[in-house]
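J.: sequence and predicted structure, then a few things I'm wondering about:
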Amino acid sequence: MSDKKLRVLVVTQYFWPENMRINDLVRDLKEKGHEVTVLTGLPNYPEGEVFESYRAAPGDFAVYHGADVVRVPLLPRGKRSIQLILNYASFILSASTLGVFKLRRRQYDVLFVYGASPIMAAIPALVIGRLKKAPVFVWVLDLWPESLRAVGVVRNPRLLALVGKMVSWIYNRTDYLLLQSHGFLENVKQYCTRRIADERLVYFPSWAEDDFSSSGSNTSPLIATDPSVFTVVFAGNLGEAQDFPAILDAAEALRDTAAIRWVIVGAGRMSAWLTEQVRERQLHNVHLLGRHPLEAMPGLFAQADALLVSLKTNDVFQRTIPGKVQAYLASGRPLLGMINGEAARVIRESGAGFACDSSDAQGLAAITSTLAGTALAQRDAMGEAGRQYYLEHYSKPKLMARLESLFREATLRKADK
């Protein structure tokens, strides 16, 4: 049984050419010899519009490292909250109907759901899992409905309660719930109205893409090399949750007092606001590079003196470890965190850098100034400590082996019923 090739269906609203960790998982499953199909939507994250490259040649995106990619239509996420809600709903409906039809002649041993928002994207997998009589795994990467309340998308208590009932419905019909953070456990349990055995609630954290943990180029064409300037890099989604007002306040506080530059790479709902603010506030020490492919990030990280992670505080975000933390640790560079909870714990426990409270612009300015004044040898030691922590806690080979083992256990359990 251990050498048996598995037929795996991955259900995810987000997939290549969008930069998502699920791309990495699919590629690795294929490299291990498994038969993999991906049910997904049209690429439109984070800009909110379907990628031009996909519109020009959709056939070029039908196979990913040997995995079949089955796409269903959806409404792009746009820039407004109502568009985002319609984006979520359209994928769920489309994948549960047209997706089921497109996959009607295929059989699977196991289904895996990439459970980034919205968790309701698991509904198509539950439908297909029931039809195919295959176990369903949901990788819980966000906490619903709490995250909706936390970011202000939904404030109506009745609507939040309705979403909570739907979350409970999903959790109670899932064979395995994989939790990206230890902090998720109690929250998830409260929605499991029927008793779920402990072995079916599994801690399963994120990892860094391979490029971040390999010894590649230590230069990047995205920023000029300047040893006289301390370079702080932020990479990822530019959204409200990342608290860019506080980041810019810290950058402004240090603008005329220290040779520090802030390099922000990515795109999202705050992109236009950032461009306007940098211009109006004459933040010559802030460089907005826009969106770049994942492959460009390792070289950029290697050229950074520090890597920044930030997140507003609330009961949800404190339990969450943003995926970029693993990539930062694997890169072997010091970390700066303006963040609370689990992510701050990891930064401090690993010895990889400094953390201050969420939304604390003065605190971020202080720890940035402190790190910039730290001897290079000590900063290098911090980066190496972070890398060793990553290898011990987030090694992708170990996590993938664990996932394969869980898949095989689940298929055996189904066969015995």
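T.: Perfect, thanks for sending it.
J.: how many neighbours does T374 have?
T.: 18 (other CB atoms under 10 Å). Yep, even glycine has a C-beta here, placed from its N, CA and C like the rest.
J.: host element of it?
T.: For T374, there is no host helix or strand (DSSP states H and E).
J.: how about stretch 249-265: buried residues?
T.: Using 16 or more other CB atoms under 10 Å as the test for burial, stretch 249-265 gives 249-255, 258, 260-265.
J.: what of stretch 46-59?
T.: 46-48, 50-51, 54.
J.: one step back: return the subset of the buried residues of stretch 249-265 lying in strands.
T.: 260-265 (DSSP state E).
J.: returning to that earlier point: tabulate the buried residues of stretch 249-265 (TSV), appending pLDDT and distance to T231.
T.: Shown next, in TSV, are the buried residues of stretch 249-265 (pLDDT from 0 to 100; distance: CB to CB, whole Å):
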residue	pLDDT	distance to T231
D249	98	19
A250	98	15
A251	97	12
E252	97	17
A253	96	17
L254	96	13
R255	93	15
A258	82	12
I260	96	8
R261	96	5
W262	97	8
V263	97	6
I264	97	12
V265	96	12
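J.: reformat these as CSV; add distance to P145.
T.: Formatted as CSV, the buried residues of stretch 249-265 follow (distance: CB to CB, whole Å):
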residue, distance to P145
D249, 31
A250, 32
A251, 34
E252, 36
A253, 36
L254, 38
R255, 40
A258, 42
I260, 39
R261, 40
W262, 34
V263, 35
I264, 30
V265, 31
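J.: which of these sits closest to F354?
T.: A250 (12.7 Å; CB to CB).
J.: my understanding was that the closest one contacts S369; is that so?
T.: No. Between A250 and S369 there is no contact, the gap being 9.5 Å when judged by CB atoms under 8 Å.
J.: and F61, how far is that from F51?
T.: 9 Å (CB to CB, to the nearest Å).
J.: check G341 too.
T.: From G341 to F51 the distance is 33 Å (CB to CB).
J.: mind giving me the packing neighbours of the helix or strand harbouring Q362?
T.: Using DSSP H and E, Q362 falls within helix 361-372. For helix 361-372, the packing partners by 3 or more CB pairs under 8 Å, 6 or more residues apart in numbering; DSSP states H and E come out as strand 230-235, helix 244-254, strand 260-265, strand 306-310, strand 335-338, strand 353-356.
J.: show me where the stretch 251-400 of the chain dips below the pLDDT cut-off.
T.: Counting by pLDDT under 70, the stretch 251-400 of the chain shows no low-confidence range.
J.: so where's the stretch 1-150 of the chain shaky on pLDDT?
T.: 1-2, 150.
J.: from the ones in strands among the buried residues of stretch 249-265, pick the one nearest R21.
T.: V265 (17.5 Å).
J.: ok, now which ones touch the closest residue to that closest one other than its chain neighbours?
T.: Nearest residue to V265 in three dimensions, chain neighbours excluded: L289, at 4.3 Å (CB to CB, 6 or more residues apart in numbering). By CB atoms under 8 Å, 6 or more residues apart in numbering, L289 lies in contact with 222-223, 263-265.
J.: change it to 10 Å
T.: By CB atoms under 10 Å, 6 or more residues apart in numbering, the contact list for L289 reads 220, 222-223, 233, 235, 263-267, 296, 300.
J.: could these go into CSV alongside distance to P73?
T.: Putting these into CSV (distance: CB to CB, whole Å) gives the following:
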residue, distance to P73
S220, 37
L222, 34
I223, 39
V233, 36
A235, 30
V263, 37
I264, 33
V265, 30
G266, 27
A267, 23
A296, 30
L300, 34
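J.: by neighbour count, which of those residues wins?
T.: In those, the most neighbours by other CB under 10 Å go to V233, 28 neighbours.
J.: any chance of the helices and strands packed on helix 361-372 in JSON lines, with distance to P157 too?
T.: Formatted as JSON lines, the helices and strands packed on helix 361-372 follow (distance: least, CB to CB, whole Å):
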{"stretch": "strand 230-235", "distance to P157": "34"}
{"stretch": "helix 244-254", "distance to P157": "28"}
{"stretch": "strand 260-265", "distance to P157": "36"}
{"stretch": "strand 306-310", "distance to P157": "29"}
{"stretch": "strand 335-338", "distance to P157": "30"}
{"stretch": "strand 353-356", "distance to P157": "33"}
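J.: S81 is nearest to which of these?
T.: Across those, closest to S81 is helix 244-254 (CB to CB), at 18.4 Å.
J.: between helix 361-372 and the closest one, find me the angle.
T.: Put simply, helix 244-254 runs at 60 degrees to helix 361-372, going by axes from the mean of the first three to the mean of the last three CA atoms, to 10 degrees.
J.: what helices and strands are in contact with helix 244-254?
T.: strand 230-235, strand 260-265, helix 271-280, strand 286-290, strand 306-310, strand 335-338, helix 361-372 (3 or more CB pairs under 10 Å, 6 or more residues apart in numbering; DSSP states H and E).
J.: tell me how far it is from the chain's mean position?
T.: Relative to the chain's own centre, helix 244-254 is displaced by 24 Å; criterion: CA atoms, centre = their mean, to the nearest Å.
J.: same check, this time on stretch 240-260
T.: The answer for stretch 240-260 is 24 Å, by CA atoms, centre = their mean.
J.: send the alpha carbons of that stretch over as PDB?
T.: Extracted C-alpha coordinates of stretch 240-260, given in PDB (Å, rounded to 0.1, in the frame of the first residue of the first chain):
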ATOM      1  CA  GLU A 240      -5.800  46.400   4.700                       C
ATOM      2  CA  ALA A 241      -4.900  43.600   7.200                       C
ATOM      3  CA  GLN A 242      -1.200  44.300   6.700                       C
ATOM      4  CA  ASP A 243      -1.500  47.800   8.300                       C
ATOM      5  CA  PHE A 244       0.400  49.900   5.800                       C
ATOM      6  CA  PRO A 245      -0.500  53.200   7.500                       C
ATOM      7  CA  ALA A 246       1.600  52.100  10.500                       C
ATOM      8  CA  ILE A 247       4.400  50.900   8.300                       C
ATOM      9  CA  LEU A 248       4.500  54.300   6.500                       C
ATOM     10  CA  ASP A 249       4.400  56.000   9.900                       C
ATOM     11  CA  ALA A 250       7.500  54.100  10.900                       C
ATOM     12  CA  ALA A 251       9.200  54.800   7.600                       C
ATOM     13  CA  GLU A 252       8.500  58.500   8.100                       C
ATOM     14  CA  ALA A 253       9.800  58.500  11.600                       C
ATOM     15  CA  LEU A 254      13.100  57.200  10.400                       C
ATOM     16  CA  ARG A 255      13.300  59.100   7.100                       C
ATOM     17  CA  ASP A 256      15.700  61.800   8.300                       C
ATOM     18  CA  THR A 257      17.400  60.000  11.100                       C
ATOM     19  CA  ALA A 258      18.700  56.700   9.700                       C
ATOM     20  CA  ALA A 259      20.000  55.300   6.400                       C
ATOM     21  CA  ILE A 260      17.100  52.900   6.000                       C
END
